[in-house]
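Asker: build me a model from this:
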Amino acid sequence: MALTALAYIPAVLSMMTIGVIVPFIGPLSHDLSTTPAQLGLAIALFSVPSAILATVGGGLIDAYGVRRSMLFAAAFSSIGSALASRTGSVLALDGSMLVSGLGFGAMCVAAPCLIMATLSDGPRIRSMSLLSTFAPTGYAGGLLLAVMFANTGNWRAALLAHAALLVAVFAAVLLFVPKISSAAVDGREPLPPTLKRMSGIFRVPGAVRLGIAIALPNAVSYGTSLAIPSFLARAHHLSIATSSASVASAKLAALLVGGVSMGYLLSRNVRARTLFAIMVVIGIVAQGILFLTTSSIMLATAALVLWLFAFGGMSGGAMTLLPVVVRDPTRRGAASGLVNQCISLASFCAPSTWLALNDAMEFVLLAAGCLIVSLLALPTPAASRQ
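Answerer: Take a look at the predicted model:
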């Protein structure tokens, strides 16, 4: 349990940056003399480091160790939030978001490596399943932190509070994360062989398929989170605040229940592909009720809970396969990096895709298509062998 917390909590806190900033888009636009569109670019920059560097970063984690990498990640995430709290221009905010994104990218790759290196069998399956929910949980946690400062619009204080939490995480990692010797070659290896070894993960079919299988449900979840507040407001004649509250109230519990329950079932030797397929069906049904039924906000909220439960199950079930598709200890970081790079690329594409849609059926068909492809991509036992 302690090791799971040491992996999960830092990953959640590193993701909270976005959740802290989003509620302050209005005050930030005023204080930085910018537009919401430019702030949207700053938010998107958070995903850029992991979208570009996650696989390479995973290889570096293999070489330099999990503990050192988590310390690096916590430090950069904290520095990024601290810099953002002091920014006076949108350009400076862009730079601070890149710094935060670099820390986030390192943390979301290193955290699974900590679990894979220290746990095994049932405990590892349950921990990996729970860890898969860190991104949406972190986003929701950031929203809750921002609420404490929302009445005054004091976004600087909210970001400083977030930076302070990350300093505490740095201390916890320093004190409690064990030193795990790396099984990879050491950091003095020449650059060309290092890059060749890192790129070898792209030739592992199970790892590539797993990256696709995890990334697409994440894209649907991210796109739905962006589109559903305004959709519910239009469909049910609500204010954005009320519809956003409905979204926030459903998020945390449903995600955690989905991820934890999948971990429990998989640790009892239930087939991952079977459970994933069941969650895909539930997810498609939930998306249909959510977007196609406009008679009741209560029904829409229940459908949102069902969708988040299904997403937690899909993401959790797929993440438990990460130690299976790459059994070589020297490639664990690279595999984790590849998966997170796929997630970051999908998340980068999701906002422009989902926000461009207006028709309810388009939302449902896009979500269904992504989820079916993710099921087809999920590695089979044969594809998991190296």
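
Asker: please make it C-alpha for all contacts and neighbour counts, starting now.
Answerer: Fine.

Asker: and for residue 210, nearest residue in space, chain neighbours not counted?
Answerer: residue 378 (5.6 Å; CA to CA, 6 or more residues apart in numbering).

Asker: now stretch 42-51 - C-alpha only, PDB.
Answerer: Output in PDB follows, covering the C-alpha atoms of stretch 42-51 (Å, rounded to 0.1, in the frame of the first residue of the first chain):
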ATOM      1  CA  ALA A  42      -0.400  27.300 -22.900                       C
ATOM      2  CA  ILE A  43      -2.400  24.500 -21.500                       C
ATOM      3  CA  ALA A  44      -1.700  22.400 -24.600                       C
ATOM      4  CA  LEU A  45       2.000  23.000 -24.100                       C
ATOM      5  CA  PHE A  46       1.800  21.000 -20.900                       C
ATOM      6  CA  SER A  47       1.400  17.800 -22.900                       C
ATOM      7  CA  VAL A  48       4.200  18.600 -25.500                       C
ATOM      8  CA  PRO A  49       7.300  17.300 -23.500                       C
ATOM      9  CA  SER A  50       5.700  13.900 -22.800                       C
ATOM     10  CA  ALA A  51       4.300  13.700 -26.400                       C
END
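
Asker: surely the residue nearest to residue 210 and residue 320 touch.
Answerer: No - contact criterion CA atoms under 8 Å: residue 378 and residue 320 do not qualify, at 11.6 Å.

Asker: so where is the stretch 1-150 of the chain shaky, pLDDT-wise?
Answerer: Scanning the stretch 1-150 of the chain for pLDDT under 70 picks out 54-55, 57.

Asker: which residues of it fall in helices?
Answerer: Using DSSP state H, counting those that start in this stretch, the helices found in the stretch 1-150 of the chain span residues 2-21, 25-31, 36-45, 48-64, 66-86, 90-118, 121-131, 134-150.

Asker: let's have those in JSON lines, adding distance to residue 170 and mean neighbour count.
Answerer: Shown next, in JSON lines, are these (distance: least, CA to CA, whole Å; neighbours: other CA atoms under 10 Å):
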{"stretch": "helix 2-21", "distance to residue 170": "8", "mean neighbour count": "24"}
{"stretch": "helix 25-31", "distance to residue 170": "28", "mean neighbour count": "16"}
{"stretch": "helix 36-45", "distance to residue 170": "23", "mean neighbour count": "17"}
{"stretch": "helix 48-64", "distance to residue 170": "17", "mean neighbour count": "24"}
{"stretch": "helix 66-86", "distance to residue 170": "5", "mean neighbour count": "24"}
{"stretch": "helix 90-118", "distance to residue 170": "11", "mean neighbour count": "25"}
{"stretch": "helix 121-131", "distance to residue 170": "19", "mean neighbour count": "24"}
{"stretch": "helix 134-150", "distance to residue 170": "17", "mean neighbour count": "21"}
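
Asker: need those in CSV with distance to residue 308, can you?
Answerer: CSV is the format used below for the helices of the stretch 1-150 of the chain (distance: least, CA to CA, whole Å):
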stretch, distance to residue 308
helix 2-21, 17
helix 25-31, 25
helix 36-45, 23
helix 48-64, 24
helix 66-86, 27
helix 90-118, 20
helix 121-131, 14
helix 134-150, 10
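
Asker: to residue 304, which of those lies closest?
Answerer: Among the helices of the stretch 1-150 of the chain, helix 134-150 comes nearest to residue 304, with 13.7 Å by CA to CA.

Asker: any idea how far that closest one is from the chain center?
Answerer: Distance of helix 134-150 from the chain centroid (CA atoms, centre = their mean, to the nearest Å) equals 14 Å.

Asker: now stretch 354-370
Answerer: Using CA atoms, centre = their mean, the offset of stretch 354-370 from its chain centre is 21 Å.

Asker: same for the helix ranked longest in the chain, what does it pack against?
Answerer: If you go by DSSP state H, the chain has its longest helix at helix 205-236. Here helix 205-236 touches helix 240-267, helix 297-319, helix 322-325, helix 332-354, helix 360-377, going by 3 or more CA pairs under 8 Å, 6 or more residues apart in numbering; DSSP states H and E.
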